[in-house]
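Colleague: no letters, just coordinates:
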C-alpha cells in the first residue's frame, strides 16, 4: 500500500488547505482534523500476515458525564501559543483513541495490553500551535481502577501491535519519572504511534502526563509529527488541569 502525506498530520493539526484568517474557521478545521485522524493508521499502515488476537476490551465508548466537562481547563487557560477548543462528544472519543494509538474494535497483540475502558468520558479540549502544528490535549475520564493498574500495564506493554482492517500499527510506550503534582497518583510516559517502516512525518510522537484524583483521571498530552518539544507548556497545562479537578 502506498501512503501519501496525510491532510491531517496530528490531532487537531491544521494544514495549508485549512488555514484561514478567521478564528472560527480555524476552530472548525481543527475539529474536523481530529475527527479525520482516526483513518490515518488504517490508511498508512502496512499489510501483514498472521492473525492478531482480539482485544479483550476493544475500547468501547463510555457513558457521557456532564460533570467532567466543567472540570476541563477553559480554552483561555491553555498556554498562550495554543489556540484551544473543547471537542464535541464523538470527536472527543476519537481523539482519546488516537492518543492511545488504538481504534475501536482493533486487534491487539498482546491482547492484555488493550486499554481498559473508562466508566465515563472522555471529555477533551485540544490546543493547537499554528507555528509548529503541535497540539496540547487535555482528556478527563472516570476510571474504576487506580492509576497503579495502568502503570503496571504499561510496564508490560512497551511495544504493542494493533491491527485494524488488515493493516498493523506499532505503539511503543516508555515510562518516565512521575511528575510532582497535587494528585493521588501520577505517571509520565512517552509514546510513538506509526508503522515499522513509517515515512517521515507519519509517526506521531507524544509526551503524556497523567494524574488521578479520586476516580477522575487527568491526561495531558503534547503531540507532534516532527521533532519539536514543549515541556514547559505541557507541565504548565498539566498543573492547571490537576488543580482545577482538585478544586472541583
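Modeller: Arrived safely. In this text, all values refer to a predicted model and were calculated from it rather than measured experimentally. Numbers count the residues shown, from 1 in each chain.
Colleague: biggest helix in this structure by residues?
Modeller: helix 231-247 (DSSP state H).
Colleague: list the buried ones in it?
Modeller: Applying a neighbour-count criterion of 16 or more other C-beta atoms under 10 Å, one finds 233-242, 244-246 buried in helix 231-247. Where C-beta positions appear, they are placed from N, C-alpha and C, glycine not excepted.
Colleague: how about stretch 171-178?
Modeller: 171, 173, 178.
Colleague: do stretch 179-191 as well
Modeller: For stretch 179-191, by 16+ other C-beta under 10 Å, it's 179, 181, 183, 185-189, 191.
Colleague: how close does the residue lying closest to residue 208 once chain neighbours are set aside get to residue 111?
Modeller: Closest residue in space to residue 208, ignoring its immediate chain neighbours: residue 221 at 4.4 Å, by C-beta to C-beta, 6 or more residues apart in numbering. According to C-beta to C-beta, to the nearest Å, residue 221 and residue 111 sit 24 Å apart.
Colleague: so where do the helices sit in the protein?
Modeller: Going by DSSP H, the chain shows helices at 23-36, 40-44, 66-69, 89-100, 147-156, 231-247.
Colleague: now tell me which of these the model trusts least on average.
Modeller: Among the helices of the chain, helix 40-44 carries the lowest mean pLDDT, at a mean of 31.
Colleague: centroid residue for this protein?
Modeller: Closest residue to the average C-alpha location of the chain: residue 99 at 2.0 Å, with C-alpha atoms, centre = their mean.
Colleague: I'd guessed that residue sits against residue 207; true?
Modeller: No - the criterion here is C-beta atoms under 8 Å, and residue 99 misses it with residue 207 at 11.0 Å.
Colleague: overlap of the contact sets of those two?
Modeller: The contact sets of residue 99 and residue 207 overlap at 221, 223 (C-beta atoms under 8 Å, 6 or more residues apart in numbering).
Colleague: residue 117: neighbour count?
Modeller: 17 (other C-beta atoms under 10 Å).
Colleague: and residue 161, by the same measure?
Modeller: 19.
Colleague: what residues does it make contact with?
Modeller: Counted by C-beta under 8 Å, 6+ apart, residue 161 has contacts 52, 108-109, 168-171.
Colleague: who touches the residue nearest to residue 208 in this structure?
Modeller: Here residue 221 is in contact with 99, 135-137, 139, 206-209, 234 (C-beta under 8 Å, 6+ apart).
Colleague: any low-confidence regions in this structure?
Modeller: Judged by pLDDT under 70, the chain has its weakly predicted residues at 1-66, 198-201.
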